[in-house]
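Colleague: build the 3D model from these lines:
(2 chains)
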There are 2 protein chains.
Amino acid sequence: MANLRLPGPTPVPPDVYKAMSKEMIDHRGVEFAEMLRRTTANLKRAFQTENDLYVLTSSGTGAMEAAVVNTLSPGERVLGVTIGNFGDRFLKIASAYGASVNELKFPDGDVAIPEQIRQALKDDPDVTTVLVTHNETSTGITNDLETIAGIVKGEFDKMILVDAISSMGSIKLPVDEWGLDVVVAGSQKGWMCPPGLAMISFSERAWKAAETSKMPKFYFSLAEAEKSLKMGQTPWTPAISLLFGLDYAVQQMLARGDMQAVYDFHQEIAQYTRDGLKAMGIGLVAKDERFASNTVTAAWVPEGITDEALLAMLRDEYDIIAAEGRGLLTGRVFRIGHMGYVNQEDIDDVFGALKDALPKLGRQASAVGQA
Amino acid sequence: MANLRLPGPTPVPPDVYKAMSKEMIDHRGVEFAEMLRRTTANLKRAFQTENDLYVLTSSGTGAMEAAVVNTLSPGERVLGVTIGNFGDRFLKIASAYGASVNELKFPDGDVAIPEQIRQALKDDPDVTTVLVTHNETSTGITNDLETIAGIVKGEFDKMILVDAISSMGSIKLPVDEWGLDVVVAGSQKGWMCPPGLAMISFSERAWKAAETSKMPKFYFSLAEAEKSLKMGQTPWTPAISLLFGLDYAVQQMLARGDMQAVYDFHQEIAQYTRDGLKAMGIGLVAKDERFASNTVTAAWVPEGITDEALLAMLRDEYDIIAAEGRGLLTGRVFRIGHMGYVNQEDIDDVFGALKDALPKLGRQASAVGQA
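Modeller: Numbers count the residues shown, from 1 in each chain, chains lettered A, B, ... in the order given. Prediction:
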């Protein structure tokens, strides 16, 4: 089996596949309703929220679109905080649907600076809503969302929409405690499921905004999702087999105890990954390690080596699938995912492969092992 | 195993589940690119088209939205031909995105009358585009799309968008021969796969329209899909395991020979279903049997019996999952799906159950067996 070390899709355990292979059922029937209600309730526990929550048949990007089109109107002023590729995507979605986006962009590898968000909100009182990424998959950085939400909600009383696709279910993110209005997640991350399902939590304040939202929507209409969920259904035929898998996987996650056990696991394996890379003299993209992501580590490709050669050798000679850089980091970094169905041996295999591969690719042997 | 006789989702063969359980792969890698290119090429064969074709991670409704938002602009005049619930949905999507819809509605159980479409196009020269359902799942009626397309394209040179979700892959529908600009399909129908993937073919004329289309779009942007497909990718993380299944299933379908073998199979099993029901004195919703669908049969619930009681008894006592009526037919009809992974014994089981159940539900024994 290949060692799939991407920041999504992530490896899927055999018992999740088994759950996915259950006989097809009627999505308007009793059995489906029971499953959807159970999965929704369990996901709310994982999201630590009493807000409404919906499972959508789409990638996480679809849920980001749902967050935007269900709350905003064309011309509405939003503050878009971005620290990389996926932050940029959130803003592009808002722009595509006609929002007036005030872009607050931080350099790749940096974390969003709360003080600058405070200043931007002071300077631009027309802003109604802030769009922000919790965990930026392209740079391996986790924003200090608790502080950011404190400013956005506590100081300015604005609505906050959060892309938590690569953090929710892996990194601490208590939706209600932090007062997050809309939070989106994706099945192919810490949930140990294949891609194809997205999740979105939606607060009372978001529903208030939905009442006046004028962006067009149909497939991603959460009003339709809510109407159907009352009957234990989804408005359109859902990806039933993926739901079988998610239903099972979330039960397994919650069976570990509370979500803290899941967060601790990811914290430990991430620290192990970072420490191992640093011990090899490989630099992390995260300038301040306190904000390095616990689900994906982005590291600089050692000088004199191309990312393409490194990723190809890892794949072809060691059966390790790591990820390339995205956006501005393309060609300069490689990324190692460590969320969901992963253990220390998987990471050890990556270390072993790197120690073997880097000298072959021309890196000075003496450099390996340097701090 | 239950006898799942819905017009979608349909039963999934064990070997499709096996294909779906293949180890997760990188959706930006070589193996995925090969699979996506192969599946796309095979689907074009099934669609009988040289047009571009994309697989989307969504239900069929998502692809209907893609058809609309990639070709039209707010205020644009469209003729919406509907013969039931799903035709209505197509129009609602167009309206939600601001199209000016001229609704041409035929009564449930009727087929669309080509002459009335001709007249509507004469009367409303501002219409640029016609929306039409090929096979109306809610009433079990197949429109005479060849004649309709001949009028729309041949006589009036308008664009035509087709919902073929419950027909493509089961009922004859040669996209290029009939000149259809945009055609959408769904994985959970004749394709023998679980729900969660949709397909859309897109003609040169549709691309021309896309250039000026002003409806907002992001997740369903086909320009993005095209850009990614050039690299053997999808713009957003796709439902990889469902694609494994579809890739396998379409290869199996094409291995039967040409698509005609698949059409013949569905024609035969549909005729068998209709004949059996009529022999029991159960009336078809299709007023003119020439237009009765080959993928789903809608029949009247015998008088004095409620659809709820009938469907519950079929389910609880005979393990047969049939569907209720939709829209205006709610409560008055039941529907039997016969597409994809189905054989004559499955239908015989339905007949046996009906013969047993109807008298128990109070139907005169003498009526059973009447023509």
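Colleague: going forward, measure contacts and count neighbours with C-alpha atoms only.
Modeller: Noted.
Colleague: just say helix, strand or coil for the residue nearest to A:Thr234 when sequence neighbours are not counted.
Modeller: Leaving aside its chain neighbours, A:Thr234 sits nearest to A:Ser228 (5.2 Å; criterion: Cα to Cα, 6 or more residues apart in numbering or on different chains). Under DSSP: H, G, I helix; E, B strand; the rest coil, A:Ser228 falls in the helix class.
Colleague: A:Trp236 is in contact with A:Ser228, correct?
Modeller: No. A:Ser228 is beyond contact range of A:Trp236, at 9.0 Å (criterion: Cα atoms under 8 Å).
Colleague: so which residue of the stretch 51-200 of chain A comes closest to chain B?
Modeller: Of all residues in the stretch 51-200 of chain A, A:Gly196 sits closest to chain B, with a separation of 4.2 Å (Cα to the nearest Cα).
Colleague: my guess is that residue meets B:Ala239, correct?
Modeller: Yes. Look at A:Gly196 against B:Ala239 with Cα under 8 Å: they come within range, at 4.2 Å.
Colleague: find residues that contact each of those two.
Modeller: Counting by Cα atoms under 8 Å, 6 or more residues apart in numbering or on different chains, the shared contacts of A:Gly196 and B:Ala239 are A:Ser58, A:Ser59, B:Thr57, B:Gly196.
Colleague: pLDDT for these - can I get that in TSV?
Modeller: Output for the shared contacts of A:Gly196 and B:Ala239, formatted as TSV (pLDDT from 0 to 100):
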residue	pLDDT
A:Ser58	98
A:Ser59	98
B:Thr57	98
B:Gly196	98
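Colleague: between those, which sits nearest B:Leu311?
Modeller: The nearest member of the shared contacts of A:Gly196 and B:Ala239 to B:Leu311, counting by Cα to Cα, is B:Gly196 at 25.7 Å.
Colleague: please name the nearest non-neighbouring residue to that closest one.
Modeller: A:Ala239 (4.2 Å).
Colleague: picking up where we left off before, A:Ser228 and A:Trp236: who's more crowded?
Modeller: When A:Ser228 and A:Trp236 are compared for neighbours, A:Trp236 comes out ahead with 20 against 15, by other Cα atoms under 10 Å in any protein chain shown.
Colleague: please, which helix or strand holds A:Val55?
Modeller: strand A:52-57 (DSSP states H and E).
Colleague: what's in contact with the next helix or strand after that strand?
Modeller: Note on strand A:52-57: by DSSP H and E, the next helix or strand toward the C-terminus is helix A:60-69. For helix A:60-69, contacts defined as Cα under 8 Å, 6+ apart pick out A:56, A:90, A:93-94, A:97, A:161, A:163, A:165, A:182-186, A:197-200, A:213-217, A:220-222, B:218-219, B:236-237.
Colleague: please report how far A:Arg37 lies from A:Glu31.
Modeller: Counting by Cα to Cα, to the nearest Å, the gap from A:Arg37 to A:Glu31 is 10 Å.
Colleague: higher neighbour count, the two?
Modeller: Just comparing A:Arg37 and A:Glu31: by other Cα under 10 Å the higher neighbour count belongs to A:Arg37, 17 against 12.
Colleague: surely that one meets A:Met231?
Modeller: No. Applying Cα under 8 Å as the test, A:Arg37 and A:Met231 come out as separate, 9.5 Å apart.
Colleague: what's the angle from the strand or helix carrying A:Tyr248 to strand A:52-57?
Modeller: A:Tyr248 is part of helix A:240-255, with elements assigned from DSSP H and E. Helix A:240-255 and strand A:52-57 are oriented at 140 degrees to each other (axes from the mean of the first three to the mean of the last three Cα atoms, to 10 degrees).
Colleague: the nearest residue to A:Ile151 once chain neighbours are set aside: neighbour count?
Modeller: Excluding its sequence neighbours, the residue lying closest to A:Ile151 (Cα to Cα, 6+ apart) is A:Arg118, at 6.4 Å. Per other Cα under 10 Å, the neighbour tally for A:Arg118 reads 15.
Colleague: same question, the one 5 residues further on
Modeller: Counted by other Cα under 10 Å, the residues lying close to A:Asp123 total 10.
Colleague: quick one, what contacts the residue of the stretch 51-200 of chain A closest to chain B?
Modeller: By Cα under 8 Å, 6+ apart, the neighbours of A:Gly196 are A:57-59, A:186-188, A:239, A:242, B:57-58, B:196, B:237-240.
Colleague: one more pass at 6 Å, please.
Modeller: A:Thr57, A:Ser58, A:Ser59, B:Ala239 (Cα atoms under 6 Å, 6 or more residues apart in numbering or on different chains).
Colleague: can you get me a residue count around the last one?
Modeller: What it means is B:Ala239. 27.
Colleague: isn't it right next to A:Pro195, touching?
Modeller: Yes. With contact defined as Cα atoms under 6 Å, B:Ala239 reaches A:Pro195; the gap is 4.8 Å.
Colleague: isn't A:Asn85 right next to A:Leu329, touching?
Modeller: No. Assessed by Cα under 6 Å, A:Asn85 is found out of contact with A:Leu329, at 9.3 Å.
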